[in-house]
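Participant: Just need the structure, nothing else, for what follows:
(3 chains)
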Amino acid sequence: MEENSNKAKMHSPISERMGFVALMILQIILFMLFAVFVRYGKAALPAEVPGLFQEHVSKYPHFQDVHVMIFVGFGFLMTFLKKYGYSATGYTLFMSALIIQWTILVKGFFHMYDGKIELSLEHIIHSDISAAVPLISMGVLLGRTTPIQLLFMALFEIILFAVNEYVALEILSICDVGGSITVHAFGAYFGLAVSLMLRPKKEENEPGQYEAPTYTSDLFAMIGTLFLWIYWPSFNSVLADGTAQERAILNTYLSLAGATVTAFVLSTMMSHEKKLDMVHVQNSTLAGGVAVGTVCNLMIGGHGAILIGILAGSLSVIGYRYVTPAMTAKLRLHDTCGVHNLHGMPGIIAGLGSIVYAYLATKEDYKYDLGAIFPAMASQPKNLTSNHIIGGYERSARAQAGFQLFGLFMTIIIAIVGGLIVGLVLRCTCFRKLQKEEQHQDELYWEVPELKSE
Amino acid sequence: MEENSNKAKMHSPISERMGFVALMILQIILFMLFAVFVRYGKAALPAEVPGLFQEHVSKYPHFQDVHVMIFVGFGFLMTFLKKYGYSATGYTLFMSALIIQWTILVKGFFHMYDGKIELSLEHIIHSDISAAVPLISMGVLLGRTTPIQLLFMALFEIILFAVNEYVALEILSICDVGGSITVHAFGAYFGLAVSLMLRPKKEENEPGQYEAPTYTSDLFAMIGTLFLWIYWPSFNSVLADGTAQERAILNTYLSLAGATVTAFVLSTMMSHEKKLDMVHVQNSTLAGGVAVGTVCNLMIGGHGAILIGILAGSLSVIGYRYVTPAMTAKLRLHDTCGVHNLHGMPGIIAGLGSIVYAYLATKEDYKYDLGAIFPAMASQPKNLTSNHIIGGYERSARAQAGFQLFGLFMTIIIAIVGGLIVGLVLRCTCFRKLQKEEQHQDELYWEVPELKSE
Amino acid sequence: MEENSNKAKMHSPISERMGFVALMILQIILFMLFAVFVRYGKAALPAEVPGLFQEHVSKYPHFQDVHVMIFVGFGFLMTFLKKYGYSATGYTLFMSALIIQWTILVKGFFHMYDGKIELSLEHIIHSDISAAVPLISMGVLLGRTTPIQLLFMALFEIILFAVNEYVALEILSICDVGGSITVHAFGAYFGLAVSLMLRPKKEENEPGQYEAPTYTSDLFAMIGTLFLWIYWPSFNSVLADGTAQERAILNTYLSLAGATVTAFVLSTMMSHEKKLDMVHVQNSTLAGGVAVGTVCNLMIGGHGAILIGILAGSLSVIGYRYVTPAMTAKLRLHDTCGVHNLHGMPGIIAGLGSIVYAYLATKEDYKYDLGAIFPAMASQPKNLTSNHIIGGYERSARAQAGFQLFGLFMTIIIAIVGGLIVGLVLRCTCFRKLQKEEQHQDELYWEVPELKSE
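Facilitator: As a prediction, the model looks like this:
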């Protein structure tokens, strides 16, 4: 009987069907917008003579590392729930496939030439990085939204993300090579704000019946963790060049190592049974990659990277153990993957770190790299994508530190306000909402094999 | 009792043992053929001075991406059956390890210097691409052949593939940079023809008892899907150079994205329960990579790539929903992985697309790349691997379009005829054939842990 | 009742807690040592002008391949035990994260400039390769030690490894580009020696109750196998350059292929049920990568590589079938992953092969590469990292062969003696030791979901 009534509920209402139709129409509109606005960039245009665009192609292996992180890394990291593996990997693929097209247009509109977006490898690198933003927010909401809600959120979020990033990087001219402020903190606080608007009624604040891992689902999640861990140095260094790229690789590598040792040790000290907790192993080990992201191309030294890793790993485990449960209990603010502990707080560490290191930056230490990393501190504009930098050039280190602080705050505020608005819209009646018992399971939207067949 | 009789049947007959012995002898013969015919090419030979063969080494990351696709991508994509995961990953490894050696010789015989094959990175790139051909055919037959049958098929198929590819690319001089015609369509129709010859008796036309996934096996299959999806731009661009390589990357990326959004949406519209179907998610999302393969280095524009993706994703889902069941019911033509919908029809889309774009190709648009992409349309031969091109050089765009059409037809016909012959041989008494109840399970050829131990 | 008493035992004693605290302190000490001794190397230091350090950055894709092998490859290869998947992936990550920091210091102390270690991409390549050493030893001991014992072992093992490697490569000047002698054989025999010291009492020599795979755990292990198989050419070639790097890639590829075909065929002949055995498929297929490691950059020819693969695949299957069971039965020497058959004996094949090929090496064949591969055979020192080579330069091929033999013996003896000493220390009372019934299961150190929830 209960099975039957359950089945009945499973059928998507008409409005859901319309949502999917709308997505198909959007895909066709994307095709048309590409036809009108997008052309191949120089590196993809045939030349009179055999041309070598090595500067582009040489970033291709880096791009592929990031590509693995987005689709395998994020996808499998979220398979830890016992009945939500199809959704975790599937929605990651679905949403990202839509968002990478969307992002080429949205971010492209900020840098058009003669009214056209000139497509190049750089665009798809940026698209993949941008896809991380709604994936991070999805981690907060995992299992508590419909795919239609997720995709709506993602489309809006990307616009806001692109605007914020443009202001932060090209007008405020802050440094954020690994995107810890503009990608990680933004995605985390945006998702948390959405989650706050979708918070359950008081009587439904308990964890869902399917909100737990199995032994097998935890191992699938480790596939995600390990590929994220392995390729994080590529994520943080893909937009850097020359010696700054080498530093970004080395520092990210060391910060992750420091965070990992710390997360394992603290997990045995702090977890409920004083044993290793897979949640910490799967997530807090990665916090070092986020926390070093903004400063990984700076002169922080290997020891600086390790210290940042130790701090991030510690804060992340503490967050999982104390902060997330408190948010759930007190604010009814659910965060399924603990994104606040992996992307939120470590993103803030990254931002605070960038204030310190910007304050310490000198021409003597950074030589040529000063202008490449802090364009506003350069004595003259060169190779810059923007000439809207506030206050022009020759900014002092102290002023740069101030701008880093302002950029961090602005990002978090825009993310929270944007998330609250989107969350409000997602609560409106035009969207199907999941009942408590429908959450954290694939069956509502997926054909799932009979359990007997396992 | 049934268990016992089952066990009895499980023992391989003498002829099976002989098959494995023959494979060992073949491996030793391969060693001897390498000793006689294979030498290091220039890039692997010590030089008088420190030599930099960057043009080769620079393709190594591309090669490794393809390498992951063959062994992890294909291997895990086929793990979706509940009791055939050892075979899916294992036979992929076994067959490919044999075939990559075999291909170096078979394809090498077409390009010998002084009676020797000059081994280089290019050979192993081609070997890996060629290994995809029998793997695609294996997807059709998955679970319905013995490993001996599979390997026999693969050895013969590679010879036919190499001949067809040589004629298509070097004599007809058609374009097919991503191999959608010569690799995907060939492998698909070859496998389908074999499957037709091995079709079950009318009374055994029902799906096998193990021909279904479990929740866990579907997640393993997603590992395959995602790595194929991620690295497909490398597969399609590995043989391209310069700006054509950049286009191949961008177009494949966009086509996959378009196919993915389309496949997800159509899956919710067309599947039996009007929910997402993992079969579509695992396979139809990839159809965009196949369908753009032949034209990905052409001037199709980002919108052209997205359109091809939308078409391929649609056709693939329709194929899974209607075409494959009809072939099974009407022709008793089984296609375990639905290869026709992932490699067959999308391969034909690729071929048809290449006719259109070849017809539109002009020297003004393609500049230097014209001769690199369509060697027969060049005004003079340069950097070409073959001088057997039919009709010599300065071929018109219209003629090139005709050759593309002819190449597509020829490939499909050779594949089907070859497959029928090989299928006929596989039916002969010298090969052990699987009984209905022996199909789609590892136990016949693998030591499998007791179920109790799970 | 039994459950309860089991639970009681699960709580870590005080000394265990102290072990984790010690690791945290060690992590902080590592931070301080980095602050004092480590500086960025030239390639990571800002330059006056935009600098291109392509020679370094060009190795980054190679590095990432090795990185995948260490963390995903080794981690998942060891997930084959039914209840030890958290530990396999988790301890791989934990131990390697600690060891990569440790190795930068330990190996760095051999090459300091003005009392400083100059950090570069090369260091993290070497760190990752070095992390393989304790991971190999961990494979021997898998499930029979505590994490504290493992990490203690690893810290000591790295010191001994670094000393042995320094003597072998820079003083004896032997060739070992893929580390088959200094990494694989060393790690294997070190681990076996530790295992001998930790051998069980006679009455407990039976296999543990959890020392078996499930269907699912075997598929997880295949993830490890396939990524190791795929990226092994990168492991063996990452330290080679120019044409030697191309040879290393080609030879490793072919040796793996030969070993794989051989391992599959022999598995069907030798395994208990005369069927394919996942242990052979997961491990013996990789033996070709180890066995060719030392000689893969030499002029062994494609056929030489295939022959080495055939030998290694055969010996490895024979080892799993006969040698390991005999060691277990007669010596009570347990080797959970059969490391002796994958890294031990194939490492010896590699060493013996290097004797033969060194003996055959001539200036005519090797030209410029002679000095790069066998620095002691060069007529004058150039681009060398060491000037401590015994006997100076212009060493004869015969002498080089003798040094290869000596280096192989020395490595094995140092590994065994070191392993015996460490094993002795691990037996001492300050370390918690696992009871028979606590072995091969995660539950003692990990929070594991209730089985019911599966």
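Participant: mind listing what's buried in the biggest helix by length in chain A?
Facilitator: Scanning chain A for the longest helix, with DSSP state H as the assignment, gives helix A:397-427. Applying a neighbour-count criterion of 16 or more other C-beta atoms under 10 Å in any protein chain shown, one finds A:397, A:399-405, A:407-408, A:410-412, A:414-416, A:418-420, A:422-423, A:425-426 buried in helix A:397-427. C-beta: built from backbone N, CA, C; applies to glycine.
Participant: repeat for stretch A:331-350
Facilitator: Buried, per 16+ other C-beta under 10 Å, within stretch A:331-350: A:332-350.
Participant: So which of those belong to helices?
Facilitator: A:339, A:345-350.
Participant: any chance of these in a markdown table, with distance to C:E165 too?
Facilitator: Formatted as a markdown table, those follow (distance: C-beta to C-beta, whole Å):
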| residue | distance to C:E165 |
| --- | --- |
| A:V339 | 42 |
| A:M345 | 40 |
| A:P346 | 36 |
| A:G347 | 40 |
| A:I348 | 42 |
| A:I349 | 37 |
| A:A350 | 37 |
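Participant: Next one: A:T225 from chain B, what distance?
Facilitator: Between A:T225 and chain B the computed distance is 14 Å (C-beta to the nearest C-beta, to the nearest Å).
Participant: same check, this time on A:S217
Facilitator: 8 Å.
Participant: One more: A:G208?
Facilitator: Distance of A:G208 to chain B, computed by C-beta to the nearest C-beta: 18 Å.
Participant: May I ask you to confirm that that residue belongs to a strand?
Facilitator: No. The assignment for A:G208 (DSSP: H, G, I helix; E, B strand; the rest coil) gives coil, which keeps it out of a strand.
Participant: My guess is it contacts A:Q435. True?
Facilitator: No. Using C-beta atoms under 8 Å as the test, A:G208 is too far from A:Q435 to be in contact (10.4 Å).
Participant: So which of those two has more stuff around it?
Facilitator: A:G208 (20 against 10; other C-beta atoms under 10 Å in any protein chain shown).
Participant: The least confident helix or strand in chain A by mean pLDDT: what's the following helix or strand?
Facilitator: Sorting the helices and strands of chain A by mean pLDDT, DSSP states H and E puts helix A:2-10 at the bottom, at a mean of 42. Next helix or strand after helix A:2-10 toward the C-terminus (DSSP states H and E): helix A:14-37.
Participant: Which secondary structure elements does that following helix sit against?
Facilitator: When contacts are defined as 3 or more C-beta pairs under 8 Å, 6 or more residues apart in numbering or on different chains; DSSP states H and E, helix A:14-37 sits against helix A:85-108, helix A:147-165, helix B:242-270, helix B:301-318.
Participant: export the first one as PDB, just CAs?
Facilitator: The C-alpha atoms that make up helix A:85-108 are tabulated as PDB, following Å, rounded to 0.1, in the frame of the first residue of the first chain:
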ATOM      1  CA  GLY A  85      24.600   8.100  -6.800                       C
ATOM      2  CA  TYR A  86      22.800   8.400 -10.100                       C
ATOM      3  CA  SER A  87      21.800  11.900  -9.200                       C
ATOM      4  CA  ALA A  88      25.300  12.900  -8.000                       C
ATOM      5  CA  THR A  89      27.100  11.800 -11.100                       C
ATOM      6  CA  GLY A  90      24.200  12.500 -13.500                       C
ATOM      7  CA  TYR A  91      23.200  16.000 -12.400                       C
ATOM      8  CA  THR A  92      26.900  17.000 -12.300                       C
ATOM      9  CA  LEU A  93      27.100  16.000 -15.900                       C
ATOM     10  CA  PHE A  94      23.700  17.500 -16.900                       C
ATOM     11  CA  MET A  95      24.200  20.800 -15.100                       C
ATOM     12  CA  SER A  96      27.800  21.200 -16.200                       C
ATOM     13  CA  ALA A  97      27.000  20.400 -19.800                       C
ATOM     14  CA  LEU A  98      24.500  23.200 -19.800                       C
ATOM     15  CA  ILE A  99      26.500  25.600 -17.800                       C
ATOM     16  CA  ILE A 100      29.700  25.400 -19.800                       C
ATOM     17  CA  GLN A 101      27.800  26.600 -22.900                       C
ATOM     18  CA  TRP A 102      26.000  29.300 -20.800                       C
ATOM     19  CA  THR A 103      29.300  30.500 -19.400                       C
ATOM     20  CA  ILE A 104      31.000  30.900 -22.700                       C
ATOM     21  CA  LEU A 105      28.200  33.400 -23.600                       C
ATOM     22  CA  VAL A 106      27.800  35.100 -20.200                       C
ATOM     23  CA  LYS A 107      31.500  35.600 -19.600                       C
ATOM     24  CA  GLY A 108      32.100  36.200 -23.300                       C
END
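Participant: Just give me the neighbour total for A:R321.
Facilitator: 21.
Participant: From chain C, how far out is it?
Facilitator: According to C-beta to the nearest C-beta, A:R321 stands 12 Å off from chain C.
Participant: can you check A:Y445 too?
Facilitator: Taken as C-beta to the nearest C-beta, the span from A:Y445 to chain C is 22 Å.
Participant: One more: A:I249?
Facilitator: Distance from A:I249 to chain C, counting by C-beta to the nearest C-beta: 7 Å.
Participant: And A:E118, by the same measure?
Facilitator: 23 Å.
Participant: Show the contacting residues for the residue nearest to that residue when sequence neighbours are not counted.
Facilitator: Closest residue to A:E118 apart from its sequence neighbours, by C-beta to C-beta, 6 or more residues apart in numbering or on different chains: A:G41 at 3.6 Å. A:G41 makes contact with A:118-120, A:122-123, according to C-beta atoms under 8 Å, 6 or more residues apart in numbering or on different chains.
Participant: Can you get me a residue count around the residue nearest to A:A88 when sequence neighbours are not counted?
Facilitator: Using C-beta to C-beta, 6+ apart and skipping the chain neighbours, the partner closest in space to A:A88 is A:M78 (3.7 Å). Neighbour count for A:M78, taken as other C-beta under 10 Å: 26.
Participant: what does the stretch 51-200 of chain A put close to chain B?
Facilitator: A:51-53, A:56-57, A:60-61, A:64, A:67-68, A:71-72, A:75-76, A:79, A:83, A:85-86, A:89-90, A:93-94, A:97-98, A:100-101, A:104, A:119-121, A:123-124 (C-beta under 8 Å from any C-beta of the partner chain).
Participant: State the mean pLDDT of stretch A:246-263.
Facilitator: Taken as a whole, stretch A:246-263 has an average pLDDT of 97.
Participant: and that stretch with chain B, contact?
Facilitator: No. Stretch A:246-263 stays clear of chain B (C-beta under 8 Å from any C-beta), getting no nearer than 15.4 Å.
Participant: Can you point out the buried residues in that stretch?
Facilitator: Result for stretch A:246-263 [16+ other C-beta under 10 Å]: buried residues A:246-263.
Participant: Which element, helix or strand, includes whichever residue of the stretch 51-200 of chain A sits closest to chain C?
Facilitator: Closest approach between the stretch 51-200 of chain A and chain C, counting by C-beta to the nearest C-beta: A:P61, at 4.1 Å. In this assignment (DSSP H and E), A:P61 forms part of helix A:60-68.
Participant: list the helices and strands that helix packs on?
Facilitator: With contacts defined as 3+ C-beta pairs under 8 Å, 6+ apart, helix A:60-68 has these neighbours: helix A:121-141, helix A:215-237, helix B:60-68, helix B:215-237, helix C:60-68.
Participant: as a whole number, average confidence for the next helix or strand after that helix?
Facilitator: Downstream of helix A:60-68, the next assigned helix or strand under DSSP H and E is helix A:75-77. Mean per-residue pLDDT for helix A:75-77: 98.
Participant: swap in stretch A:388-398?
Facilitator: Here the average pLDDT along stretch A:388-398 is 87.
Participant: is it up against chain C anywhere?
Facilitator: No. In terms of C-beta under 8 Å from any C-beta, no part of stretch A:388-398 sits within range of chain C; the closest distance is 15.1 Å.
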